[in-house]
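> Here is my input, please return the structure:
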Amino acid sequence: MAAAGKNVDKQKSGDLAKAQARAERQEAHKDAPNPVWFKPVMFGFMLLGLIWIVLYYVTSSMITPLPLPMLGQANIFVGFGLVLVGFLMTPWWK
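Next up is the predicted model:
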């Protein structure tokens, strides 16, 4: 029974070392800069959503409104969704 206790202690110390290593990796990841593609993608989503909405409003009086005529008024939700994705990326921008 004492041998089983020693194995548990070794496992706990191994788990503690793994947790410390994981914490160090997370801390290093927090300080790391964003990838090069992050800002263009973030602003791209925002601009694409804005263009989508403006394009829908400008062409809404035409026979086939752009960008997707089959969506109708739902084009506004698609545009705002794209803008929202861009804004949801902003907290991670460093």
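
> any idea which helix or strand of this structure has the worst average confidence?
Using mean pLDDT, DSSP states H and E, helix 2-31 stands out as the lowest-scoring helix or strand of the chain, at a mean of 69.

> Check which element follows that one along the chain.
Proceeding N to C from helix 2-31, the next assigned helix or strand is helix 38-59, under DSSP states H and E.

> Which positions within that following helix qualify as buried?
Residues of helix 38-59 classed as buried: 42, 45, 46, 48, 49, 52, 53, 56 (neighbour count, 16 or more other Cβ atoms under 10 Å). From N, CA and C alone the C-beta is placed, and that goes for glycine too.

> With adjacent residues omitted, what lies nearest to the first one?
The one in question is residue 42. Of all residues not flanking residue 42 in the chain, residue 89 sits nearest, at 4.2 Å (Cβ to Cβ, 6 or more residues apart in numbering).

> Same check on the second one?
In space, residue 45 comes closest to residue 86 once its chain neighbours are excluded; the distance is 3.4 Å by Cβ to Cβ, 6+ apart.

> can you tell me how far the one you found sits from residue 38?
11 Å (Cβ to Cβ, to the nearest Å).

> again, but for residue 29
Applying Cβ to Cβ to residue 29 and residue 38 gives a distance of 14 Å.

> any idea how this protein splits into domains?
If you go by automatic domain parsing, the domain ranges for the chain are 1-32, 34-94.
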